[in-house]
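Compute the structure for the input listed below.
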Amino acid sequence: MLRAGMLRMTATALAPNGADLAWDSLRSELQRFVARRVPAPDVEDIVQESLLRIHRGLSSVRNQGAVVGWIYQVTRNALADHLRAARPSEELADTDLVEPIDPDDAAFKRLASCISPFVAMLAEPYREAIELVELRGMTQTAAAAALGVPISTMKSRVQRGRAQLRELLERCCAIDLDARGHVVGITRRTTSTCSCD
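Predicted structure coming up:
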């Protein structure tokens, strides 16, 4: 963490009503903070971006007591943006995005038994993408290689296929999710003729 006392003094000086702008002091503190998180060649770029964002947004901070936390958050955001930009083509694993689903969960099993007929209703490029990625468990990179298409094309097909599949499922059933996005219940709509029971 940044040295709390020094940062508080700097933040107070930077606050909208402060008389003395302590940018050099802040730069030193942010360099130490960022240097522990990224390789040395990246530090100055991230600090410069952080200082620019702090300068632009400083007047919007209404509570002087919140300036320190705000500076941390601005710097963390600049750091995250820099790291994201450094690896734009890296594919995230499903486990990076959501908690794993319990395949033994009763509601999940009911929903899974209904999926195949709906997947078969999708248009060809989306059906094939969903079958490979969702039903066979291939990564999007492996599925793209298997079909001889660019990874961006596969990602687009999977995304659109998921959206179409969700629409088909929601026409048939009301799907109840918990706060983590896990299926907790399925109720067939009264007007539906699908087989999700």
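
can you list the domain ranges for this protein.
As assigned by automatic domain parsing, the chain contains the domains 4-86, 100-188.

Identify each of the strands in the chain and give its residue range.
For the chain, the strands defined by DSSP state E cover 173-177, 183-188.

which stretch in those has the least confidence?
Mean pLDDT across the strands of the chain is lowest at strand 183-188; the value there is a mean of 70.

circling back to that earlier point, what would the domains of the chain look like in a markdown table with mean neighbour count?
For every residue, glycine as well, the C-beta is placed using N, CA and C. Listed next are the domains of the chain as a markdown table, based on neighbours: other C-beta atoms under 10 Å:
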| stretch | mean neighbour count |
| --- | --- |
| domain 4-86 | 15 |
| domain 100-188 | 15 |
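
Least confident secondary structure element in this structure?
helix 94-97 (a mean of 45; mean pLDDT, DSSP states H and E).

Contact partners for Ile115?
Glu134, Leu135, Leu165, Leu169 (C-beta atoms under 8 Å, 6 or more residues apart in numbering).

Distance check, the residue nearest to the second one when sequence neighbours are not counted against Val149.
Spatial nearest neighbour of Leu135, excluding adjacent residues (C-beta to C-beta, 6 or more residues apart in numbering): Val119 at 6.7 Å. Using C-beta to C-beta, to the nearest Å, one obtains 19 Å as the distance from Val119 to Val149.

what's the answer for Leu168, then?
For Leu168 relative to Val149 (C-beta to C-beta), the value is 24 Å.

And Leu165, by the same measure?
Taken as C-beta to C-beta, the span from Leu165 to Val149 is 19 Å.

Over to Gly137?
19 Å.

where does the protein have low pLDDT?
Across the chain, residues meeting the criterion (pLDDT under 70) sit at 1-22, 87-114, 178, 180-186, 190-197.

Can you check which helix is longest in it?
helix 151-172 (DSSP state H).

Now do it and strand 173-177, the angle between them.
Here helix 151-172 points in a direction 110 degrees away from that of strand 173-177 (axes from the mean of the first three to the mean of the last three C-alpha atoms, to 10 degrees).

for helix 151-172, packing partners?
If you count contacts as 3 or more C-beta pairs under 8 Å, 6 or more residues apart in numbering; DSSP states H and E, helix 151-172 packs onto helix 106-121, helix 124-130, helix 140-147.

Out of those, which gets nearest to Ala85?
helix 140-147 (20.1 Å; C-beta to C-beta).

got the angle for the closest one vs helix 151-172?
100 degrees.

how about Ala146, what does it touch?
By C-beta under 8 Å, 6+ apart, the contact list for Ala146 reads Leu132, Met138.

Equivalent analysis for Leu165, please.
If you count contacts by C-beta under 8 Å, 6+ apart, then Leu165 has Ile115, Phe118, Val119, Leu122, Ile130 around it.
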